[in-house]
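Asks: Sequence and predicted model, in that order:
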Amino acid sequence: MDIADIRSQIPVLAHTAYMNTGWSGPPPRRVAQAMKDRIDQELEQGPIMPEVLEAGREIQAQARAAAARIFNATVDEVLVTRNTTEGLNIVLSGLDWNQGDEIIICDMEHGSVIAPAQLVGQRYGVTVKVVDLDVQDSSETIVNKIEAAFTPKTRMVFISHILYATGRRMPAEELRRLTKDKGILLMLDGAQTGGHIELDMARSGFDFYSIPGQKWLLGYEGSGALFIRREHLERIHPAHTGGRGIARPADAHNFQPVADSMEKFLGGSVSVPVQAAFLEATRFIEEVGIKNIEQRNLDLAESAKAKLSEIPGVTVTSPSERRDSSGLVSFAVAGQEPDSVVEWLWENHKLVVRQVGYPAAIRASLHFFNTEEEIDLLAGGVRELT
Ligand SMILES: Cc1ncc(COP(=O)(O)O)c(C=O)c1O
């Protein structure tokens, strides 16, 4: 991996220590260019000229195929969406829920898990059970806590694969074994995983999985991808749909819904420029190699955790075990509000991190383009402040 060459392709890195990929990744120049090229094509030739339409269809087909590769799933199990949250909502709002069903989430979840789960709960009389976790919990403890919440009414476990606040990698494979045995669905919010760790839907057996384009894949906001295991496709109703969800020809007297295709979730038109960026971003990431990215991010995180935890008053809230870790490194500074640390690092070192809420901390997202020098800048900055 030629880090200097990679960095030269991401303009923002020339003047900023960018450690906020977990919110939105810095786009490589060629990703922006792919979007600009499509915008120019529509600008100069018109949006619905035959060649432009054909090129647009090709971009959408390739973006979908790219998403399938990222998931290691088949193309017909994958949909390009507008973001992670949309994908999660497609599944939750499309399942037939019965009063008394139970969904298990955990307390450290992102709003994109909490809100859709709780709203389904309120609307259909589904009980949302919240499992309380501790940052020190081992994978075994987490699995045991979630298993202890199972009842015969449990229908779904719905958690993030990597927790956004601590960067903890959840024991998803173990949970899959457990849920599968009991006929419980497993849906994973992969907002922090796509482009960050290797995904393998074919092998893992996860039921539903949703990722964004704008974070670790380094695409643009307004793109993401959803995986639905083929065996579940027919039973997920399209809660919103449109012309693309109708078996052709569209006939008002003879409505034939599409039952077993991901297209049924497409309400109407999509942004082809954003999909062009998504496609180019996946190519960029695939060229670097997600396996390599995963290992480099773990190395960077290990180094950051070691350097930060040496600083008096600093508590690292991310896991220490490599197998539980990710490129997200969170830490609290005694006597300092996370917001003011974030602001101080930006103003004094042009270093971009963010504050997270639960548990309250400062979060640095370390992606493959980050360097040891930047980690030294982070640790040095925090040391100065304390
Ligand atoms: C765990 C988690 N879920 C969901 C989201 C929302 O992602 P998106 O904007 O792609 O819907 C984020 C990030 O903001 C996240 O960290």
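Replies: Great, that's in hand.
Asks: mind checking pLDDT for L308?
Replies: Here the pLDDT value assigned to L308 is 98.
Asks: average pLDDT for stretch 53-67?
Replies: The model assigns stretch 53-67 a mean pLDDT of 98.
Asks: Would you mind writing the CA trace of it as CSV?
Replies: What follows is stretch 53-67 as a C-alpha-only set of coordinates in CSV (Å, rounded to 0.1, in the frame of the first residue of the first chain):
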residue,chain,number,x,y,z
LEU,A,53,-30.2,7.1,-20.4
GLU,A,54,-28.2,4.1,-21.5
ALA,A,55,-25.1,5.3,-19.8
GLY,A,56,-27.1,6.0,-16.6
ARG,A,57,-28.5,2.5,-16.6
GLU,A,58,-25.0,1.1,-17.0
ILE,A,59,-23.8,3.1,-14.1
GLN,A,60,-26.7,1.9,-11.9
ALA,A,61,-26.1,-1.7,-12.9
GLN,A,62,-22.4,-1.5,-12.2
ALA,A,63,-23.0,0.3,-8.9
ARG,A,64,-25.2,-2.6,-7.9
ALA,A,65,-22.7,-5.2,-9.0
ALA,A,66,-20.0,-3.3,-7.0
ALA,A,67,-22.3,-3.4,-3.9
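Asks: how about that stretch: buried residues?
Replies: By neighbour count on 16 or more other CB atoms under 10 Å, the buried set for stretch 53-67 is A55, G56, I59, Q60, Q62, A63, R64, A66, A67. From N, CA and C alone the C-beta is placed, and that goes for glycine too.
Asks: mind giving me TSV with the residues you listed and columns for secondary structure and distance to the ligand?
Replies: As requested, the buried residues of stretch 53-67 are exported to TSV (DSSP: H, G, I helix; E, B strand; the rest coil; distance: CB to the nearest ligand atom, whole Å):
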residue	secondary structure	distance to the ligand
A55	helix	26
G56	helix	23
I59	helix	20
Q60	helix	19
Q62	helix	21
A63	helix	16
R64	helix	17
A66	helix	17
A67	helix	13
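Asks: and the closest residue to L266 other than its chain neighbours, how many residues sit next to it?
Replies: Closest residue to L266 apart from its sequence neighbours, by CB to CB, 6 or more residues apart in numbering: R244 at 4.1 Å. R244 has 18 neighbours, counted by other CB atoms under 10 Å.
Asks: Give me the next element, helix or strand, following the helix or strand hosting L119.
Replies: Assigned by DSSP states H and E, L119 belongs to helix 111-124. Sequence order places strand 127-131 as the next helix or strand after helix 111-124, per DSSP H and E.
Asks: For M262, which non-adjacent residue is closest in space?
Replies: L79 (4.1 Å).
Asks: correction: T179
Replies: L186 is the one closest to T179 (CB to CB, 6+ apart), at 4.7 Å.
Asks: Any idea what the one you found is bridged to?
Replies: V157 (DSSP bridges).
Asks: In contact with it: list those residues for me.
Replies: M156, V157, F158, A172, L175, R176, T179, K180, F206, D207, F208 (CB atoms under 8 Å, 6 or more residues apart in numbering).
Asks: And for Q45, the neighbour number?
Replies: Neighbour tally, Q45, other CB under 10 Å: 13.
Asks: element containing the closest residue to it other than its chain neighbours, please.
Replies: Spatial nearest neighbour of Q45, excluding adjacent residues (CB to CB, 6+ apart): V52 at 5.1 Å. Using DSSP H and E, the element containing V52 is helix 50-71.
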